[in-house]
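**Student:** build me a structure from this.
(2 chains)
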Amino acid sequence: MKYTPTQIKELEVKAKQVRRLIIEMLGKACSGHPGGSLSATDLISALFFLVMRHNPQDPGWPQRDRFHMSKGHCCPLWYAVLAETGYFPKDKLWTLRQLGSMLQGHPDRRVPGVEVASGSLGQGLSVALGMSLAAKIDKKDYRVYCLMGDGEVQEGNIWEAAMAASHYKCDNLCGILDHNGFQIDGKTREIMNLEPLKDKWEAFGWHTINIDGHNMRQILAAYEEAEKIKGRPSIIIARTIKGKGVSFMENVVGFHGCAPNKEETERALRELE
Amino acid sequence: MAEALYQRDVYGSTLVELGKQNKDLVVLDADLSSSTRTRLFAMEFPERFFNFGVAEQNMMATSVGLASCGKIVFVSSFAIFATGRAWEQIRNGVAYNNFNIKIVASHAGITVGPDGSSHQALEDISLMRVIPNMNIIVPCDGPQARQAVLAAAETPGPFYIRLGRVKCATIENKGEFKIGKAQVLAEGNDIAIIACGIMVPEAITAMRALLAQGVKTRLINMHTVKPLDKDCVLKAARETKGIVVCEEHTVIGGLASAIDEVVSENLPTKVLRIGIRNRYGQSGDPQDLLKEYNLTSKDIEKAALAIVA
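**Tutor:** Next comes the predicted model:
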């Protein structure tokens, strides 16, 4: 592990700050998706604060690693890490979902750091595949990360992309599956069972890494392992808790797409102090 | 008329030409590269050609990622699959991001022939026309297919270029090709015929038959369906007794609808539509199908006479 215990500790503090920003943003906007934003916070904080090669002052830097959030409804998380790393001023966060704001309810290219719009589920892995193929054509060594939701991988387009990424041996591509076990209508295993998830990805030719998606040491180790795998893409299947970090939101499906009210926002922020 | 050509042959060779000039040009296909002729590019530049197998949604969404990295991406399949199966990837990916992606689809229209309804795209122009940022070109012959591909390659933004399956007669003396600028192939003030694609040669035959009856036709090749040359349409509406619109496509949402929209808002004019009327296609010889679906020069002539009468 190339990271020190101090770095990991600092990362955990930053992830908590990201969670606070998500809650404040959604509380002010009175709409948005807290559950999946909070479940993926540790995974994405690790990427933006430690793992990825990027420069917030130069979002178009050709050598940058690429990140694409295929589950676009969790953009409060994306906006929070972009603001926290300095892509744009934090006060912009309080315009989320307002008319004329660059922070749309689902993300687009108005936002510095957002390469491609998302929101319609199932298409983002293909987008990341395109970025990965571009790197191969240009003989560049950047890596491409793509965050997916578990309900999202019910989309057929995901498996078309999975097949192609393995066919084209896209070892610069790393999928991140935020496996929180819930989708809008309920538990994924009741709505449309995904299991055996690991077997499915392996059958499509991917290297799989199963981790606890809230353990920073495991998260960082997974990114390191993925980078070492050659000749095929990797996917980190991260077991997570929907609404993680706010007790009354954890594993509550109602908080998939409902923002906290004023009282809930205050309670959540107190828990995240 | 000069030599008849396959538009897709022209497309394939034009891609090779472009590939030599621009190393950022990338071509994608979904298991139809021998039919769309992207195979010509694949043989020349294998490192910049990607076959996605029978998976159009993935192909289209992957083009978005490639374009985000500065590539000019040509995406090909049959018109029905490119615009239908992958519609939402085009709407939310290709066009919303306003990327440099050129969808060039072959096998559009009823003249696909024997393969029948499932393979005959009769609504692709409508599907693309409703999408903001999308440009639509329907070339009328082989050389115009080349001009359209070259123009799309050097114009930023998403394009849909519609090509047919069958050989097209080459139409001479069309004048300059410019995106969004209609070509007036003949002047006349009795009636205007506005056509695109393979309906242009049908319209030329109709124009000659009308002239023999003393009816002077203004014949317009509306190769760019979007952005539409509104000035040309309104001039025709102002200066003639009415307009006949001809397209190898449903009359709902395509070129005829685009023209209806312009004249009804600005200068209400009689518009008769030659196109497919709320029907599916079917198997048959292309020429027989054109007759069955009332897409011949005779049908155009009849419509024109109904207006001038």
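
**Student:** what residue in chain A comes nearest to chain B?
**Tutor:** Going by C-beta to the nearest C-beta, chain B is nearest to A:Gly130 of chain A, at 2.1 Å. For the C-beta atoms, the positions are set from N, CA and C on the backbone; glycine is no exception.

**Student:** quick one: pLDDT of B:Ala309?
**Tutor:** Listed pLDDT for B:Ala309 reads 87.

**Student:** tally of neighbours for B:Arg85?
**Tutor:** Using other C-beta atoms under 10 Å in any protein chain shown, the number of residues around B:Arg85 comes to 18.

**Student:** what helices or strands is the host helix or strand of the residue of chain A closest to chain B leaning on?
**Tutor:** A:Gly130 is part of helix A:124-138 when elements are defined by DSSP states H and E. For helix A:124-138, the contact count by 3 or more C-beta pairs under 8 Å, 6 or more residues apart in numbering or on different chains; DSSP states H and E identifies strand A:66-69, strand A:144-149, helix A:156-167, strand A:173-179, helix B:56-68 as packing neighbours.

**Student:** pick the most buried one from the ones you listed.
**Tutor:** Highest mean neighbour count among the helices and strands packed on helix A:124-138 (mean count of other C-beta atoms under 10 Å in any protein chain shown): helix B:56-68, with a mean of 30.

**Student:** and the angle for it with helix A:124-138?
**Tutor:** Inter-element angle recorded for helix B:56-68 and helix A:124-138: 50 degrees (by axes from the mean of the first three to the mean of the last three C-alpha atoms, to 10 degrees).

**Student:** so how far is helix B:56-68 from its chain's centroid?
**Tutor:** When distances are taken as C-alpha atoms, centre = their mean, to the nearest Å, helix B:56-68 is centred 22 Å away from the chain's centroid.

**Student:** need the CA coordinates for that helix. PDB is fine.
**Tutor:** Extracted in PDB, the C-alpha atoms of helix B:56-68 (Å, rounded to 0.1, in the frame of the first residue of the first chain):
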ATOM      1  CA  GLU B  56     -26.100  -0.600 -31.500                       C
ATOM      2  CA  GLN B  57     -26.800   1.000 -28.100                       C
ATOM      3  CA  ASN B  58     -23.300   0.300 -26.900                       C
ATOM      4  CA  MET B  59     -21.800   1.500 -30.200                       C
ATOM      5  CA  MET B  60     -23.700   4.800 -30.000                       C
ATOM      6  CA  ALA B  61     -22.900   5.400 -26.300                       C
ATOM      7  CA  THR B  62     -19.200   4.500 -26.900                       C
ATOM      8  CA  SER B  63     -19.100   7.100 -29.700                       C
ATOM      9  CA  VAL B  64     -19.900   9.700 -27.000                       C
ATOM     10  CA  GLY B  65     -16.900   8.700 -24.900                       C
ATOM     11  CA  LEU B  66     -14.600   8.800 -27.900                       C
ATOM     12  CA  ALA B  67     -15.900  12.200 -29.000                       C
ATOM     13  CA  SER B  68     -15.300  13.500 -25.400                       C
END
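
**Student:** which bits of the stretch 1-150 of chain B sit near chain A?
**Tutor:** Contacts of the stretch 1-150 of chain B with chain A, taken as C-beta under 8 Å from any C-beta of the partner chain, map to B:26, B:47-48, B:50, B:52-53, B:55, B:57-58, B:60-71, B:88-89, B:92-93, B:96-97.

**Student:** recalculate using a threshold of 6 Å.
**Tutor:** Within reach of chain A by C-beta under 6 Å from any C-beta of the partner chain, the stretch 1-150 of chain B has these residues: B:52, B:55, B:57-58, B:61-62, B:64-66, B:68-69, B:71, B:89, B:92-93, B:96-97.

**Student:** go ahead and confirm the residue of chain A closest to chain B touches B:Ser68.
**Tutor:** No - checked against C-beta atoms under 6 Å, the pair A:Gly130 and B:Ser68 is beyond contact range at 7.0 Å.

**Student:** next, the residue lying closest to A:Arg110 once chain neighbours are set aside: secondary structure please.
**Tutor:** Computed as C-beta to C-beta, 6 or more residues apart in numbering or on different chains, the closest residue to A:Arg110 that is not its neighbour in sequence is A:Met102, at 4.0 Å. Three-state assignment for A:Met102 (DSSP: H, G, I helix; E, B strand; the rest coil): coil.

**Student:** my read is that A:Met102 contacts A:Pro112, right?
**Tutor:** No - with contact defined as C-beta under 6 Å, A:Met102 does not count as touching A:Pro112 (8.5 Å).

**Student:** residues near B:Glu187, how many?
**Tutor:** For B:Glu187, the neighbour count with other C-beta under 10 Å is 10.

**Student:** tell me the contacts of the residue in chain B that chain A sits nearest to?
**Tutor:** Nearest residue of chain B to chain A: B:Gly65, at 2.1 Å (C-beta to the nearest C-beta). By C-beta atoms under 6 Å, 6 or more residues apart in numbering or on different chains, the contact set of B:Gly65 is A:127, A:130-131.

**Student:** hang on, the earlier thing: angle of the helix holding A:Gly130 against strand A:173-179?
**Tutor:** Direction vectors for helix A:124-138 and strand A:173-179, defined by the same axes, to 10 degrees, enclose an angle of 160 degrees.

**Student:** pLDDT on helix A:124-138, on average?
**Tutor:** Mean pLDDT, computed over helix A:124-138, is 98.

**Student:** list the buried residues of that helix.
**Tutor:** Residues of helix A:124-138 classed as buried by neighbour count (16 or more other C-beta atoms under 10 Å in any protein chain shown): A:124-135, A:137.

**Student:** the stretch 101-250 of chain B: strands as residue ranges?
**Tutor:** Under the criterion DSSP state E, counting those that start in this stretch, the stretch 101-250 of chain B carries strands at the ranges B:101-106, B:135-137, B:159-162, B:167-170, B:183-186, B:191-195, B:217-221, B:224-226, B:243-250.

**Student:** list the strands paired with the longest one, with their directions.
**Tutor:** Sheet neighbours of strand B:243-250, with direction, are listed as strand B:191-195 (parallel), strand B:271-276 (parallel) (DSSP bridges).

**Student:** out of the ones you listed, nearest to A:Ser166?
**Tutor:** Between A:Ser166 and the strands paired with strand B:243-250, the tightest spacing by C-beta to C-beta is seen for strand B:271-276, at 41.6 Å.

**Student:** got the contact list for that closest one?
**Tutor:** Residues outside strand B:271-276 that contact it (C-beta under 6 Å, 6+ apart) are B:122, B:243-247, B:249-251, B:256, B:260, B:293, B:299-300, B:303.

**Student:** among these, which one sits closest to A:Asp171?
**Tutor:** Nearest to A:Asp171, judged by C-beta to C-beta, of the contacts of strand B:271-276 is B:Leu122 at 43.2 Å.

**Student:** list the contacts for the closest one?
**Tutor:** Going by C-beta under 6 Å, 6+ apart, B:Leu122 touches B:249-250, B:276.

**Student:** now swap in B:Val251 and tell me
**Tutor:** For B:Val251, the contacting residues are B:273, B:275, B:277, by C-beta under 6 Å, 6+ apart.

**Student:** helices of the stretch 101-250 of chain B, start to end?
**Tutor:** Remark: helices assigned in the stretch 101-250 of chain B by DSSP state H, counting those that start in this stretch are B:124-129, B:142-154, B:199-212, B:230-239.

**Student:** actually, chain A.
**Tutor:** Taking DSSP state H as the criterion, chain A contains helices spanning A:5-29, A:34-39, A:41-46, A:75-85, A:124-138, A:156-167, A:188-191, A:197-203, A:216-228, A:262-271.

**Student:** and those: which comes nearest A:Cys174?
**Tutor:** Closest to A:Cys174 of those is helix A:216-228 (C-beta to C-beta; 4.4 Å).
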